[in-house]
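> sequence unavailable; structure follows:
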């Protein structure tokens, strides 16, 4: 972990993202208590794999040093990795506000942090889309359609969906495109098609 932190401090986005994944894995192990889970399954008459338990206990042991270092365990690795350019981190940042802002119970206490997350999340998605991430283009369509991260915008939602479908049909179902189009009038659909062409040119032309 010390080596990863040094790489992260030097600006290595992959190292920062690996730190985030390591912390997440440790938190999951600690919260789920693999020993208790193993005993529960065995007492229920099932036959859990003891090899898996041994592996989890080994990983828990490795987590002890991470938990004992608050600066590592509570580091803002996801935000750092996203700001350093990791596409995976940018995508995860935009769908996991709790990893950035904290538990939902704190959102009303720190509304400015939630607002900042929303702004950063949209910025990260647009950055990722410009690098050719079709996943980011699809997420932007959902963001504009749902209106949680950013205000609802039906034209943009349809436009980004069209761009994602053109770049990779598996990223957008025809039914979803139809549903998005059905909320728009003819002028709005035309505006969306024009925007979709620009989005596609920005994200995906060099990939073909």
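Ah, there it is. Fair warning: this is a prediction, and the values are worked out from it, not measured in the lab.
> now the helices for the chain?
All helices of the chain, identified by DSSP state H, fall at 2-9, 13-32, 34-43, 50-67, 70-73, 77-84, 87-95, 97-101, 111-130, 134-146, 154-167, 174-182, 186-203.
> can I get those helices in a markdown table including mean pLDDT and mean neighbour count?
Every residue, glycine included, has its C-beta placed from N, CA and C. Formatted as a markdown table, these follow (pLDDT from 0 to 100; neighbours: other C-beta atoms under 10 Å):
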| stretch | mean pLDDT | mean neighbour count |
| --- | --- | --- |
| helix 2-9 | 86 | 14 |
| helix 13-32 | 84 | 18 |
| helix 34-43 | 42 | 13 |
| helix 50-67 | 59 | 13 |
| helix 70-73 | 80 | 13 |
| helix 77-84 | 95 | 22 |
| helix 87-95 | 95 | 22 |
| helix 97-101 | 90 | 17 |
| helix 111-130 | 95 | 18 |
| helix 134-146 | 96 | 23 |
| helix 154-167 | 96 | 25 |
| helix 174-182 | 95 | 14 |
| helix 186-203 | 96 | 16 |
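> who touches the closest residue to residue 86 other than its chain neighbours in this structure?
In space, and not counting its chain neighbours, residue 86 is closest to residue 13: 3.9 Å by C-beta to C-beta, 6 or more residues apart in numbering. The contact partners of residue 13, taken as C-beta atoms under 8 Å, 6 or more residues apart in numbering, are 81, 84, 85, 86, 89.
> how about the most centrally placed residue in the chain, what does it touch?
Nearest to the geometric centre of the chain sits residue 92, at 1.3 Å (C-alpha atoms, centre = their mean). Contacts for residue 92 were tallied using C-beta under 8 Å, 6+ apart; they are 20, 78, 82, 99.
> correct me, but the first one touches residue 74?
No - checked against C-beta atoms under 8 Å, the pair residue 20 and residue 74 is beyond contact range at 11.8 Å.
> you'd agree residue 79 is up against residue 94?
No - shown here, residue 79 and residue 94 do not form a contact pair, counting by C-beta under 8 Å, at 11.6 Å.
> from residue 88, how far off is the residue nearest to residue 86?
Counting by C-beta to C-beta, to the nearest Å, the gap from residue 13 to residue 88 is 9 Å.
> span of stretch 79-89 from start to end?
Using C-alpha to C-alpha, to the nearest Å, the end-to-end distance of stretch 79-89 comes out at 8 Å.
> got a list of contacts for it?
Under the criterion C-beta under 8 Å, 6+ apart, residues 8, 11-14, 16-17, 19-20, 78, 90, 92-93, 100, 120, 124, 128, 131, 133, 136 lie in contact with stretch 79-89.
> switch the cut-off to 7 Å
With contacts defined as C-beta atoms under 7 Å, 6 or more residues apart in numbering, stretch 79-89 is touched by 8, 11, 13-14, 16-17, 20, 78, 90, 93, 100, 124, 128, 131, 133.
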